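J.: Generate coordinates for the sequence data below:
(2 chains)
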Amino acid sequence: DTEVTQTPKHLVMGMTNKKSLKCEQHMGHRAMYWYKQKAKKPPELMFVYSYEKLSINESVPSRFSPECPNSSLLNLHLHALQPEDSALYLCASSPLLRRERNEQFFGPGTRLTVL
Amino acid sequence: KQEVTQIPAALSVPEGENLVLNCSFTDSAIYNLQWFRQDPGKGLTSLLLIQSSQREQTSGRLNASLDKSSGRSTLYIAASQPGDSATYLCAVRPKGGAQKLVFGQGTRLTINP
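T.: The predicted model follows:
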């Protein structure tokens, strides 16, 4: 099973709302990632978790709060977002094998619209 | 700073043609290079991963090559089909870059029936 799942598929929220995005993988991967992708642009890395610990935060605003409850789950908590945060949010995972073999697998994404 | 470039930004070809997509990168110190496919509004699908010690990888009608010394990779698609229409992204994993991938801007491919 080489699948990363994400819920919900679509999310519309107001600027005062609090919501969460969820990501799950059952491939035994020990690294998980959040990316943000705007239209016609490549994905931009936001956070990386390795062995359930936050290893990279790409200077993301605090209105985005990641959480890794266990090795299979990754959440992204959203609060007080701005309309410019509207984007496709992608989750990915990788096995943390020998570095040359470390392949990333992506989920289908959550389309977020902030009103 | 590693930079990845994909040219052309868009390509349109008739069905059945063989085609090549290009990817270039500025720093040869990489662990691997990955080719992805992305359909509109969807996630990325990993097509091929080429390790830094490898020269090429094949999967079905796809063949990817890597020339690390010249900073180039190509993705060859044989006997193209309308279902191959998508955006193709290449990404390198730089040495010393933790687990980050550096992406190109992508090539939007259209296969005309």
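J.: Any stretches of chain A with poor pLDDT?
T.: Applying pLDDT under 70 to chain A flags the ranges A:1-2.
J.: which parts of it sit against chain B?
T.: A:4, A:6, A:31, A:33, A:41-43, A:45, A:48, A:50, A:55-56, A:88, A:90, A:92, A:94, A:99-109, A:111 (CB under 8 Å from any CB of the partner chain). Yep, even glycine has a C-beta here, placed from its N, CA and C like the rest.
J.: ok, now how distant is the nearest residue to residue A:12 once chain neighbours are set aside from chain B?
T.: Nearest residue to residue A:12 in three dimensions, chain neighbours excluded: residue A:113, at 4.7 Å (CB to CB, 6 or more residues apart in numbering or on different chains). Distance, residue A:113 to chain B, by CB to the nearest CB, to the nearest Å: 12 Å.
J.: Burial check on residue A:113, number of neighbours?
T.: Residue A:113 sits with 13 neighbouring residues when counted by other CB atoms under 10 Å in any protein chain shown.
J.: Residue B:26 now?
T.: 13.
J.: cool, and the one 5 residues further on?
T.: As a burial measure, residue B:31 scores 19 neighbours (other CB under 10 Å).
J.: Helix, strand, or coil at it?
T.: strand (DSSP: H, G, I helix; E, B strand; the rest coil).
J.: can you pull the pLDDT of it?
T.: pLDDT recorded at residue B:31 is 94.
J.: these two touch, right, it and residue A:94?
T.: No: if you go by CB atoms under 8 Å, residue B:31 and residue A:94 don't touch, sitting 11.6 Å apart.
J.: list residues touching both of these two?
T.: residue A:102 (CB atoms under 8 Å, 6 or more residues apart in numbering or on different chains).
J.: buried residues in stretch B:7-24?
T.: B:11, B:13, B:19, B:21, B:22, B:23, B:24 (16 or more other CB atoms under 10 Å in any protein chain shown).
J.: any idea how far residue A:39 is from the fourth one?
T.: Relative to residue A:39, residue B:21 is positioned 21 Å away (CB to CB, to the nearest Å).
J.: For residue 33, which residues count as its bridge partners?
T.: All of this is about chain A. Note on residue A:33: beta-bridge partners by DSSP bridges are residue A:48, residue A:92.
J.: if you could check chain B rather than the one you did, that'd help
T.: residue B:50, residue B:92.
J.: Contacts only, for it.
T.: Contacts of residue B:33 (CB under 8 Å, 6+ apart): B:23, B:25, B:49, B:50, B:52, B:64, B:66, B:73, B:90, B:91, B:92, B:93.
J.: quick one: which of the residues you listed is nearest to chain A?
T.: Chain A lies nearest to residue B:49 out of the contacts of residue B:33, by CB to the nearest CB, at 4.5 Å.
J.: Would you agree that closest one is in contact with residue A:99?
T.: No: Residue B:49 is not in contact with residue A:99 according to CB under 8 Å; the separation is 11.8 Å.
J.: Looking at the two, which one has more neighbours?
T.: residue B:49 (20 against 14).
J.: Helices along chain A, start to end?
T.: Here chain A has no helices by DSSP state H.
J.: Give me the residue at the spatial middle of it.
T.: The centroid of chain A falls nearest to residue A:34 when counting by CA atoms, centre = their mean (2.7 Å).
J.: That one contacts residue A:93, correct?
T.: No: using CB under 8 Å, residue A:34 is not in contact with residue A:93; the gap is 10.9 Å.
J.: which stretches of chain B have low pLDDT?
T.: Those would be B:97, if you go by pLDDT under 70 across chain B.
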